[in-house]
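Novice: Coordinates only, no sequence provided:
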């Protein structure tokens, strides 16, 4: 299906384990983003990417790793999960580089619980 | 640095009431401003935007006017419906700066 998809939708893991959240978009948008959403904090940017092989830190990057070997995929890895990383994670994309349209398109989110 | 401040929620209204959700910003220059909406269990989607001073964005009965003099972008709707219950986010250009979100609850 066309659009931006995240997987898994729900994930439960244990402290110290490595977890990878997947994000895939079919529009060939240049920009992709990872946010976490927590009560009282709204959305906070973790990492973003302007193009394949170009990534940059956002507001809260510690404990996370990203890669972007292909334009359509932007996985987010928690190298050693901690309870403070329990959150809802949203991936988003934008075609601003080509269209100058600043609109973001969001996935449905991944609800991650770290026990 | 740039920032966005939204009124705290939840905001609880009865159906057909008038809605205002306040948003003020600090930023250099004159950025585009956005309102996004998040319905329960879903990702965010763009509600409306304004790209310059005095510009009015509108969509689904919602409106927001870009007020340069007060650095505000308040969201308004004349008559809310139960289906408007959601979390509303004000955001600065390219959405790297987000407000904390305002939860809106509409009671029938």
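Specialist: That came through fine. All values reported here derive from a predicted model rather than from experimental measurement.
Novice: What about the closest residue in space to residue A:80 that isn't next to it in sequence, how many residues nearby?
Specialist: Excluding its sequence neighbours, the residue lying closest to residue A:80 (Cβ to Cβ, 6 or more residues apart in numbering or on different chains) is residue A:16, at 5.4 Å. Where C-beta positions appear, they are placed from N, C-alpha and C, glycine not excepted. Look at residue A:16: counted by other Cβ atoms under 10 Å in any protein chain shown, it has 10 neighbours.
Novice: Wait, residue B:15 touches residue B:81, no?
Specialist: Yes: look at residue B:15 against residue B:81 with Cβ atoms under 8 Å: they come within range, at 6.1 Å.
Novice: got any residues that touch both of those two?
Specialist: Common contact partners of residue B:15 and residue B:81 (Cβ atoms under 8 Å, 6 or more residues apart in numbering or on different chains): residue B:106.
Novice: Is it correct that residue A:84 falls within a helix?
Specialist: Yes: counting by DSSP: H, G, I helix; E, B strand; the rest coil, residue A:84 is found in a helix.
Novice: can you give me the helices for chain A?
Specialist: Using DSSP state H, the helices found in chain A span residues A:96-99.
Novice: how about the residues of it near chain B?
Specialist: Proximity of chain A to chain B (Cβ under 8 Å from any Cβ of the partner chain) is limited to residues A:33, A:40-45, A:48, A:58, A:90, A:92, A:94, A:96, A:102-104, A:106-109.
Novice: show me where chain B has strands.
Specialist: Using DSSP state E, the strands of chain B run over B:3-6, B:11-14, B:19-21, B:23-26, B:33-38, B:44-50, B:56-59, B:62-65, B:75-77, B:86-91, B:102-107.
Novice: and the ones you listed as TSV, adding distance to residue A:22, mean pLDDT and mean neighbour count?
Specialist: Listed next are those as TSV, based on distance: least, Cβ to Cβ, whole Å; pLDDT from 0 to 100; neighbours: other Cβ atoms under 10 Å in any protein chain shown:
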stretch	distance to residue A:22	mean pLDDT	mean neighbour count
strand B:3-6	29	89	18
strand B:11-14	35	96	14
strand B:19-21	33	96	18
strand B:23-26	33	92	18
strand B:33-38	21	92	24
strand B:44-50	19	91	20
strand B:56-59	31	94	14
strand B:62-65	33	96	20
strand B:75-77	33	97	20
strand B:86-91	24	94	25
strand B:102-107	29	96	16
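Novice: and stretch A:35-51, how far apart are its ends?
Specialist: Stretch A:35-51 has an end-to-end distance of 17 Å (criterion: Cα to Cα, to the nearest Å).
Novice: err, stretch B:35-42, not the other one
Specialist: End-to-end distance of stretch B:35-42 (Cα to Cα): 16 Å.
Novice: The residue nearest to residue A:80 is in contact with residue A:78, isn't it?
Specialist: No: assessed by Cβ under 8 Å, residue A:16 is found out of contact with residue A:78, at 10.2 Å.
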